[in-house]
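K.L.:
return atomic coordinates for the entry below.
(one chain, ligands or ions: 2)
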Amino acid sequence: MTAKPLTTNQQLVLGVLKQSPSPLSAYDILHKLRNKGIKAPLQVYRALEVLIDLGVTHRLESLNAFVACSGKNCVQGSMSGFMICNSCGRAEEFCDSQLHEKLQHIASDHRFMPSHSVVEISGICARCSTLPG
Ligand SMILES: [Zn+2]
Ligand SMILES: [Zn+2]
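P.N.:
Ligands and ions are numbered 1, 2, ... in the order given. Next comes the predicted model:
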């Protein structure tokens, strides 16, 4: 299967996500792309759907927001993990192959066929916890 080139809308949405230090809601994305010709939420949702399928964007369920994949250790799109700071709102992507395996085992113990696992840890990031005061 060859990867299709991204459409203009998909490139725009991915670009906005890559530039943002923190996760963005679909509305945030729409707002940033208003002057680029994207006017309808549906255009943003359609683009996000494809980007998520491609594994270049992840959805954070707890925030109902989206982030560009950092692409570091993402396990083929089958697991993504995020540490989400309650203070600054940044989401740092992590991946752990042992955790991934563990999740697969838990699922298969329940005869569940996992397609994608998202692990979200909320708390305070290193940067915020070391800020004075
Ligand atoms: Zn990723
Ligand atoms: Zn923080």
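
K.L.:
what about the helices in this structure?
P.N.:
For the chain, the helices defined by DSSP state H cover 8-19, 26-33, 41-54, 97-109, 126-129.

K.L.:
so which residues on the chain come close to ligand 2?
P.N.:
C85, S87, C88, C125, C128 (Cβ under 5 Å from the ion). Bear in mind the C-beta positions are built from the backbone N, C-alpha and C, glycine included.

K.L.:
list the contacts for S122?
P.N.:
Neighbouring residues of S122 by Cβ atoms under 8 Å, 6 or more residues apart in numbering: S62, M83, I84, C85, N86.

K.L.:
ditto for K18
P.N.:
A68.

K.L.:
distance of it relative to R46?
P.N.:
For K18, the distance to R46 equals 19 Å [Cβ to Cβ, to the nearest Å].

K.L.:
now do C128
P.N.:
Taking Cβ to Cβ, one finds C128 at 35 Å from R46.

K.L.:
kindly report the same for C69.
P.N.:
On the measure of Cβ to Cβ, C69 and R46 end up 19 Å apart.

K.L.:
so which of those two has more stuff around it?
P.N.:
Taking neighbours as other Cβ atoms under 10 Å, C69 and R46 compare with C69 leading, 19 against 15.

K.L.:
may I see the helices of the chain organised as CSV, with mean pLDDT added?
P.N.:
Listed next are the helices of the chain as CSV, based on pLDDT from 0 to 100:
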stretch, mean pLDDT
helix 8-19, 96
helix 26-33, 96
helix 41-54, 94
helix 97-109, 92
helix 126-129, 93
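
K.L.:
perfect, that will be all.
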